[in-house]
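Colleague: Below are the sequence and a predicted model; questions follow.
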Amino acid sequence: MATGKSANNILYTFEFQVLTNTLPSVLATISDPALARAELLHRKFCHLSYDYLKILYPNLKIPKGLCEVRLKAKQTCNKFNKSKERQRSTILLENVYTDVDELPVRSIKNDKYFVTFTEESTHFATIFTLKFKHEVFKYYKYYETRMLTAYQRPAILNLYCDNDGEYVSNEFVAYTQSRGTDLHKTIPHTSPQNGIAERMNRTIMDRARACLIQSGLPPIFWSYAVEYAVYVINRSPTKALPNGKTPYEMLTGKVFNCSKLQVFGCVCYARPHLESKLDERSQKCIFLRSTTNGCKVLNLETREIISVQNVRFEPDILYRDLPASEKLETRPVTEEIALKSYQTLKKINITTTTTTTNESTNTHEQSTNINDSAQLSTTSRAMLDANENTNTLSNTTIEQ
């Protein structure tokens, strides 16, 4: 508002004083010109940190307090355990961290997820592949029973997880309370609070991705890749443990013999079950993972995934090096494919039953001699329930 002198009640005369080197009106409230200049530069540089402005203008006077605009635009999350006040547990099964991860495609076993349980004192990880998330509760009970029985512990004291539905269900919460286990759930959207499980899942996926890329196997074999990755991680040194020890050594007290490790996806030759003295004594396979008493391999002749003990390995030759005629179709085994294959089998007439049965006996380790169509349907249904053998059986019958 301004005032002036009236001239004949029509015109008003105003007197103005022209000011030079004035600051914008929004900065006029700052009494110190040096601080006002710093604030103006701060805004010109799009709210650049005053530490960097100090490099450009060494004599700049930095104002005290927080910049509200800068906080709204650039505020980040605080680092967790920055002071490292929290010490890692040294008591077995005192703290267990768990998390579920989802994959973009279903595996050859029709799995979509995997869940990990990481024991803090040993950093030993256990993995289970899942078709549905609600299976987490079942595998947690198995993991708990297995660990408590094997290592003579009374209970898991603390279980750390996120707020996903599989962990906050009434059934899961009631079970942990009955077992004396404290369930620690993270605050929403703060996954670093469950950092050990999150970091373990990232490490597993990094290793599994490397296995699939190196071997050239289709992505549907991710379930075997993550299982073998965990097997190797538990037998590899980590900075989370002192003196270069491995989780396997911390848990069992034994040093793992690294000569037992094989290259994921390499060619191997397995001795099959011989039906005749004239049968071949070896079949070409692809190594997938180790087991307690052997290994899992993909039989390239029968297209089956089987467990074998007598194996010879060719670590220099991978699946990607094979000719196109020996490679597989990149197609996951789904419920729709299994149902379609089963319906196709039911239409086979009695004349082709004997031939189909003989071929199925040679390509499936659990098949028996079948003499009529009713027995064929029952055996075929059981074989189709095993996801790994669905494609093989359907292809054999259609050719007939």
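Modeller: That came in fine, so what should we check first?
Colleague: the strands in the protein, which residues?
Modeller: 5-7, 11-13, 95-102, 113-119, 124-130, 158-161, 182-185, 266-270, 283-290, 295-299, 304-308, 311-318 (DSSP state E).
Colleague: now those strands as JSON lines including mean pLDDT, mean neighbour count and distance to residue 33?
Modeller: No exception for glycine: its C-beta is placed from N, CA and C like everyone else's. Below are those laid out as JSON lines (pLDDT from 0 to 100; neighbours: other Cβ atoms under 10 Å; distance: least, Cβ to Cβ, whole Å):
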{"stretch": "strand 5-7", "mean pLDDT": "65", "mean neighbour count": "9", "distance to residue 33": "34"}
{"stretch": "strand 11-13", "mean pLDDT": "67", "mean neighbour count": "9", "distance to residue 33": "33"}
{"stretch": "strand 95-102", "mean pLDDT": "95", "mean neighbour count": "20", "distance to residue 33": "55"}
{"stretch": "strand 113-119", "mean pLDDT": "97", "mean neighbour count": "23", "distance to residue 33": "58"}
{"stretch": "strand 124-130", "mean pLDDT": "97", "mean neighbour count": "20", "distance to residue 33": "61"}
{"stretch": "strand 158-161", "mean pLDDT": "95", "mean neighbour count": "21", "distance to residue 33": "54"}
{"stretch": "strand 182-185", "mean pLDDT": "94", "mean neighbour count": "14", "distance to residue 33": "53"}
{"stretch": "strand 266-270", "mean pLDDT": "95", "mean neighbour count": "20", "distance to residue 33": "74"}
{"stretch": "strand 283-290", "mean pLDDT": "93", "mean neighbour count": "22", "distance to residue 33": "72"}
{"stretch": "strand 295-299", "mean pLDDT": "92", "mean neighbour count": "21", "distance to residue 33": "76"}
{"stretch": "strand 304-308", "mean pLDDT": "90", "mean neighbour count": "19", "distance to residue 33": "78"}
{"stretch": "strand 311-318", "mean pLDDT": "93", "mean neighbour count": "14", "distance to residue 33": "72"}
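Colleague: out of those strands, nearest to residue 249?
Modeller: strand 124-130 (9.8 Å; Cβ to Cβ).
Colleague: who does the closest one touch, helix- and strand-wise?
Modeller: strand 113-119, helix 136-151, helix 195-215, helix 222-233, helix 247-252 (3 or more Cβ pairs under 8 Å, 6 or more residues apart in numbering; DSSP states H and E).
Colleague: need the strands of the chain in CSV with distance to residue 176, can you?
Modeller: Formatted as CSV, these follow (distance: least, Cβ to Cβ, whole Å):
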stretch, distance to residue 176
strand 5-7, 85
strand 11-13, 82
strand 95-102, 11
strand 113-119, 13
strand 124-130, 17
strand 158-161, 6
strand 182-185, 5
strand 266-270, 42
strand 283-290, 31
strand 295-299, 33
strand 304-308, 34
strand 311-318, 41
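Colleague: Just tell me which of these ends up closest to residue 244.
Modeller: strand 124-130 (15.8 Å).
Colleague: can you list the residues that contact the closest one?
Modeller: Residues lying outside strand 124-130 but in contact with it, judged by Cβ atoms under 8 Å, 6 or more residues apart in numbering, are 100, 107, 109, 111-119, 135-136, 139, 142-143, 200, 204, 223, 226-227, 230, 233-234, 247-248, 250-251.
Colleague: Low-confidence regions, the stretch 101-250 of the chain specifically.
Modeller: Scanning the stretch 101-250 of the chain for pLDDT under 70 picks out nothing.
Colleague: who wins for proximity to residue 322 among the helices and strands packed on strand 124-130?
Modeller: Here helix 195-215 is closest among the helices and strands packed on strand 124-130 (Cβ to Cβ), at 10.6 Å.
Colleague: Give the other helices and strands that that closest one contacts.
Modeller: strand 95-102, strand 113-119, strand 124-130, strand 158-161, helix 222-233.
Colleague: export those to JSON lines and tack on distance to residue 241?
Modeller: Below are the helices and strands packed on helix 195-215 laid out as JSON lines (distance: least, Cβ to Cβ, whole Å):
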{"stretch": "strand 95-102", "distance to residue 241": "15"}
{"stretch": "strand 113-119", "distance to residue 241": "12"}
{"stretch": "strand 124-130", "distance to residue 241": "10"}
{"stretch": "strand 158-161", "distance to residue 241": "19"}
{"stretch": "helix 222-233", "distance to residue 241": "12"}
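Colleague: May I have the residues that are in contact with residue 215?
Modeller: With Cβ under 8 Å, 6+ apart, residue 215 has these contacts: 263-266, 286, 318-320.
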